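Peer 1: What follows is a predicted structure for the sequence shown.
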Amino acid sequence: MTKGIIFDIKELAVFDGPGIRTTVFLKGCPLRCRWCHNPEGLSAAPQLMVSLGSCTHCGRCDEICPSPEHCITCGKCVPVCPLHLRRIAGTPWTAQDLADRLLRDKEILGMSGGGVTFSGGEPTLQGTFLLEVLPLLRGMHRAIETCAYCDSALFTAILAELDYVIMDLKLADPAAHRQWTGVDNGLILKNLRILEDSGLPYRIRVPLIPGVTDTPENLNGIAALLDGSRHLEQVELLPYHRTAGAKYEMVSRVYDPRFDETVSPRGDLSPFAKRGIPASVL
Amino acid sequence: MTERIEKQLQFFVRDKKHHALRKAASDPYRYAGKYRAEGLSDLDRAAARLRDLLAEETPVVFPDERIAGLRTVPTVPEIFTPEEEAAVHAAHYIHEQGKVCNITPDYSLLLKGGFAPVREEIRTARERFAAAGDAEKVHYEDVLMEMLDTVSAFCRRYWDAAEAAGNRVVAESFARIPEQAPETFLQALQFLRIIHYCLWCCFHYHNTFGRFDQYMLPWYQADIAAGRLDNDTALELVEEFFLSLNRDSDLYPGMQQGDNGQSMVLGGFDAAGNEMFNDLSALCLEASLELRLIDPKINLRVSKKTPLERYISGTRLTRQGLGFPQYSNDDVVCKALRQWGYREEDLIDYSVAACWEFIIPGYGMDIPNIASLSFPACVRKALENPDSWQSADTLMDAVRAEIFLESEALRDSVHDLYMEPAPYLSLMMHDTIAQAKDVSLGNRYNNFGFHGSGLSTAVDSLAAIRKYVFETGEISREELMAALDDNFADEPLLQNKLRYEAPKFGNDDDTVDAIATRLLNDFADSLEGHRNERGGIYRAGTGSAMYYIWQAAQEKASPDGRSQGEAFAANYSPSLFTRLNGPLSIIKSFTKPDLSRVCNGGPLTIELSDSMFRNEESIVKTAQFVQAFILLGGHQLQINAVNRDELLDAKKHPENHRNLIVRVWGWSGYFVELDECYQDHIIKRMELTV
């Protein structure tokens, strides 16, 4: 059995699909969006997270560390921190254990027409694990929040086990997509067509990054890509918040957005409105 | 919001310009010496107090207001001199300040017909007692009549003030009230305002409003039917009334400013199971939402039959960050009251006392906050006895025994209860006139309620012992007790393990939750079958009031990793420093016990980020979450949209707010884990939340 690496399970998620949902965050992402607000979701491996804000530098963690040069995520420093500021992000779960955990709330989630959503990171990066756990959750409403950057055969197989999809579209232009996310969007757009053809209801989310994705050209380009979709429920524009960089220091990364964070993103809905696509700013 | 309301909001709430009309604070004992010299009985003193205070008051009518009433004398006089007070305290059990408080009057007894029919009732009763030669009861009826005269004379002065101010609207109201029944919704509101005002002037406190949407409905409906009001004008009137409750509220501090008991209960179900939420209830929610004022504090009665739209309206109000509405579940509360012997026709009329204790308007002289049992103290006593430690089960038995002992001690501590006579309030209680029995001596229901504080601390402590002492064996009794006595001074790792890694109540863990069920049942069992000196029963509850601080301050470190003196969770909630799976697990855990057995009052309190209320879709889902709690059998729920003050406190004392979650954007984080600049950012954003 494959083990999934999960960095959070969030109850009462209200923005991740129909009804009240539990969202499972799978670790690892093939993209490197400069605005990513979940840096602990980037690497596929478990990693140490330290909240430095209230650290008193008591030194207990240093005393116990067996590998000061290079963190081996042994977790020994976690329980010794008197302020409980350290944790390992990324816990291995078997599909069965995870399914048992989620099925426990099947009834209460079902009351609101909700269910479970797999997010990340990029959940399809752990596609094998997803294909193990999703069938165990049949009978629950199952959704995914994905950038759709994955092998199309795998994507198709995953869609077959889902009731709902939330898909990110960041940039319509391939070159810009490469520049800001590190990968080409060809595969993403191919999977978008697969998604549309699957007949599953879906929602498209566009992060509004000032000067990057919120430009008229980009929003127009994305709207054009979605023109004529039959199963698209709506488009949601997610304005960039300056809190995005909050967790970088916790995972020893440097937040380097390379766009002007101080500018408020523009949420122009007209490119969608004129094509009759329901859209809103979240 | 209309211009009139906006102006009043500015004048009374933001600028507090009416404070300029307040007289200086005065000696609370300014009349007591005179009363003693005149040899007045306590009953006569209570009557004299209202008369003397109202004589000091200056009626104030502003030119464009429609509901008048302003306190200008800040200090309500005591009826006993300090020496007499000390003697009374020495001879009796005194609850809080020794005044009748924290109950719900039946305002309709005065509102419905005005004073005239009440006077008739008093005369009839007086004749009966006179014929029987019962001088004491005759005198009591005379005092009741005097109370009506006093209030009536005061109203007459307000009428004059209205005429002098050229305020025709207020003058017209006082031309009818209080002697005659109000004819319009506005007159009824003015009447209620002045009746309630006089309650405060009698030194009653925690003066609740009860089921406003029910007892005020006839006038509202009549005005709507007659075309005198429409939805907008009615809303404006309700808002003006609500605003009037915020004029003097700073004079009514409870344990904290804002703890004034001006609570209001909306909705509910009648005997046939029909929903009683009506157009006026909806207006009250709307008024509260628009005004965003702390008074009145809104409670919403719901049940499994309540439609989702009701929860959606409530959630819109929660979004305002005031911490209400508080929900109570008729399915559980009515069942509890039935089990406790409340009459069927009464229990469907339940209301709440100042905070959350369930009480019957006009019949309940319950003292629902008379004492508080500390669960952690009971656990501690059990732990101190080595014989308790044979097994996890013997430990539970020992805790049960301690709960019984503590509950007996608390019951025994209340005897020879004395409360100052309350002849004015008695006019709003049933049977007081006919029986000439002051409400301070009791009414139909005379039950005593016990809070149960620190439940989650106790549960988590027992769960930790079960796991580490009895299952894994990694800690011995001696080691644990030594660490507790030492406040974990030499055992920081042990404390960390107990605080953060041990099983906790609120994680939907059946083993842990079963401990909570057991402790609550023990508490209920310990009170069952006992009668208090007034013939009432004892009700167990899940509230804590301020005891989660007071009782925690005296308590040593506990096996859940809590430090010495560290606060318990407030009311019925998970421990503050536990990091739980999430809100669904919390409501599942907290609905496992049979809450109808411990239904004195005390809500599950949950904090949700304001982002949960960001758009219509998420408001619906948050409403569904509340509904889920009710469907699972929860008794009472209070939700806080996380507010700035709490976040500021979390910045200063992160250790007390480990559980505070903020949804920052597409992700959630623990507030205390964010760097300061991000904390400040979120705090700033909270200021902008509408």
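Peer 2: Ah, there it is. Residues are numbered from 1 along each chain as shown, chains lettered A, B, ... in the order given.
Peer 1: give me the beta-bridge partners of the closest residue to chain A within the stretch 151-300 of chain B?
Peer 2: At 18.9 Å from chain A, B:Leu300 is the closest residue in the stretch 151-300 of chain B, using CB to the nearest CB. Any C-beta I mention is one placed from the backbone N, CA and C, and that applies to glycine too. Legend: beta-bridge partners of B:Leu300 under DSSP bridges are B:Leu266, B:Tyr327.
Peer 1: residues near it, how many?
Peer 2: B:Leu300 sits with 26 neighbouring residues when counted by other CB atoms under 10 Å in any protein chain shown.
Peer 1: pretty sure it is touching B:Asp330, no?
Peer 2: No. Here B:Leu300 does not reach B:Asp330: they are 10.6 Å apart, not a contact under CB atoms under 8 Å.
Peer 1: ok, for A:Asp268, nearest residue in space, not its chain neighbours?
Peer 2: Nearest-residue entry for A:Asp268: A:Leu219, 5.8 Å, with adjacent residues in sequence omitted and distances by CB to CB, 6 or more residues apart in numbering or on different chains.
Peer 1: wait, is the one you found part of a helix?
Peer 2: Yes. Assessed by DSSP: H, G, I helix; E, B strand; the rest coil, A:Leu219 belongs to a helix.
Peer 1: What is the neighbour count of it?
Peer 2: The number of residues packed near A:Leu219 is 24, by other CB under 10 Å.
Peer 1: Likewise for the one 3 residues further on?
Peer 2: Per other CB under 10 Å, the neighbour tally for A:Ile222 reads 23.
Peer 1: Please name the residues that touch it.
Peer 2: Listed by CB atoms under 8 Å, 6 or more residues apart in numbering or on different chains, the contact partners of A:Ile222 are A:169, A:172, A:204, A:206, A:235, A:271.
Peer 1: buried sites along the helix or strand harbouring B:Gln221?
Peer 2: Using DSSP states H and E, the secondary-structure element containing B:Gln221 is helix B:217-226. For helix B:217-226, a neighbour-count test (16 or more other CB atoms under 10 Å in any protein chain shown) marks B:217, B:219-220, B:223-224 as buried.
Peer 1: and if you look at stretch B:285-304?
Peer 2: Of all the residues in stretch B:285-304, those buried under the rule 16+ other CB under 10 Å are B:285-291, B:293-303.
Peer 1: quick one: the closest residue to B:Glu474 other than its chain neighbours and B:Ala392, what's the gap?
Peer 2: Distance criterion CB to CB, 6+ apart; nearest residue to B:Glu474, sequence neighbours excluded, is B:Tyr468 at 5.3 Å. B:Tyr468 sits at a distance of 11 Å from B:Ala392 (criterion: CB to CB, to the nearest Å).
Peer 1: Comparing these two, which residue is more hemmed in?
Peer 2: When neighbours are counted by other CB under 10 Å, B:Tyr468 comes out ahead of the other of B:Tyr468 and B:Ala392, with 22 against 16.
Peer 1: hang on, A:Met49 is in a strand, isn't it?
Peer 2: Yes. Per three-state DSSP, A:Met49 lies within a strand segment.
Peer 1: How about the contacts made by it?
Peer 2: A:Met49 touches A:40, A:86-89, A:247, A:250-251, counting by CB under 8 Å, 6+ apart.
Peer 1: Kindly report the same for B:Leu280.
Peer 2: Listed by CB under 8 Å, 6+ apart, the contact set of B:Leu280 reads B:212-213, B:216-217, B:220, B:234, B:238.
Peer 1: Tell me the backbone dihedrals of it, please.
Peer 2: The main-chain torsion angles of B:Leu280 are listed as degrees, to the nearest 10 and equal phi -70, psi -40.
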